[in-house]
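Q: prediction below, plus the sequence it came from.
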Amino acid sequence: MGSAVSANRMNLLRLKKKVKTAERGHKLMKDKQDELIRVFFLLINEIKGARKNLEDKLAECYQNSRLAIALSGTGNAQSASSAPTTTVKTSASLVPVLNLRVPELEISIKGEVRSWSASEAPAALDEAAEQAIALLPNLAKLAEIEHKVKLIAMEIEATRRRVNALEYNLIPGLEENIKEISLKLSEMERSNLSRLMAIKEIVSHQKEA
């Protein structure tokens, strides 16, 4: 049942305007929810591709790392790579996605990858180091997409609650109030009409008398 509202035409018009506004809001929220879900699944597919690409490149890096250790020994490989000369910096900016502000990461790599001489370690260690450095942008991109997915999932849930509140609570409540007021106004009109007809009949009998 709707909440108690005075049965008059002003309230009836006001409630009808509220219903129209709520219905427009519901449509906008529903459209937003649909678009969020569409973007969510696009990003899920993007994550799958990014993970597969990253896993393939990691496998190559691990293979060269194991080969370098096998050729030079664990101690020599660790000693050769213990003083890196490469500097890695990460910067983040916020970009708008459907009224959300999601992070976008950028990796900056400076310096030489190899900090050892050719006599200190085999070429496989060079390959592993270069591959590891090249993987950093991939890792940052994957982290960026996964965080976007998390934020969008949270926004989908929040939007879904708003859509449901409008669809199952606010709009039905307003429509129930409109129905109640309309019925009361109709009853009042019928009652007034009956009184007018009764008065008219009395006046008519008085004239005849």
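A: That came through, no problem.

Q: looking at this protein, which helix is longest?
A: Across the chain, the longest stretch assigned as helix under DSSP state H is helix 9-72.

Q: which elements pack onto that helix?
A: Other helices and strands packing on helix 9-72, by 3 or more CB pairs under 8 Å, 6 or more residues apart in numbering; DSSP states H and E, are helix 74-80, helix 123-165, helix 171-208. (Each C-beta comes from the backbone N, C-alpha and C, glycine too.)

Q: check contacts around the residue nearest the centre of the chain.
A: Most central in the chain under CA atoms, centre = their mean is Ile152, positioned 2.3 Å from the mean C-alpha point. Residues in contact with Ile152 (CB atoms under 8 Å, 6 or more residues apart in numbering) are 36, 39-40, 43, 97-98, 100, 102.

Q: same check, this time on Leu15
A: By CB under 8 Å, 6+ apart, the contact list for Leu15 reads 5, 174, 177-178, 181.

Q: Glu146 now?
A: By CB under 8 Å, 6+ apart, the contact set of Glu146 is Ile47.

Q: return the distance of it relative to Glu46.
A: Distance of Glu146 to Glu46, given as CB to CB, to the nearest Å: 10 Å.

Q: quick check: neighbours shared by the two?
A: With CB under 8 Å, 6+ apart, Glu146 and Glu46 have no common neighbours.

Q: mind checking the SS state of Ser91?
A: Three-state assignment for Ser91 (DSSP: H, G, I helix; E, B strand; the rest coil): strand.

Q: can you report how many residues neighbour the nearest residue to it once chain neighbours are set aside?
A: The shortest distance from Ser91 to any non-neighbouring residue, by CB to CB, 6 or more residues apart in numbering, is to Glu106 (4.9 Å). For Glu106, the neighbour count with other CB atoms under 10 Å is 12.

Q: which residues does Glu106 contact?
A: 90-93, 140.

Q: equivalent analysis for Ile107, please.
A: Listed by CB under 8 Å, 6+ apart, the contact partners of Ile107 are 88-90, 136-137, 140.

Q: what helix or strand is it on?
A: Using DSSP states H and E, Ile107 falls within strand 100-110.

Q: and the contacts of Glu106, which two are furthest apart?
A: Using CB to CB, these span at most 12.5 Å, a distance reached by Ser93 and Ala140.

Q: what about the two, which has more around it?
A: Ala140 (17 against 10).

Q: for the residue nearest to the more buried one when sequence neighbours are not counted, give its distance to Ala132.
A: Spatially, and ignoring its direct neighbours in sequence, Ala140 is nearest to Leu105 (4.3 Å; CB to CB, 6+ apart). In this view, Leu105 and Ala132 are 18 Å apart by CB to CB.

Q: swap in Ala165?
A: For Ala165, the distance to Ala132 - CB to CB - is 50 Å.

Q: the two: which is more packed in?
A: A direct count of neighbours by other CB under 10 Å for Ala165 and Ala132 places Ala132 higher, at 18 against 14.
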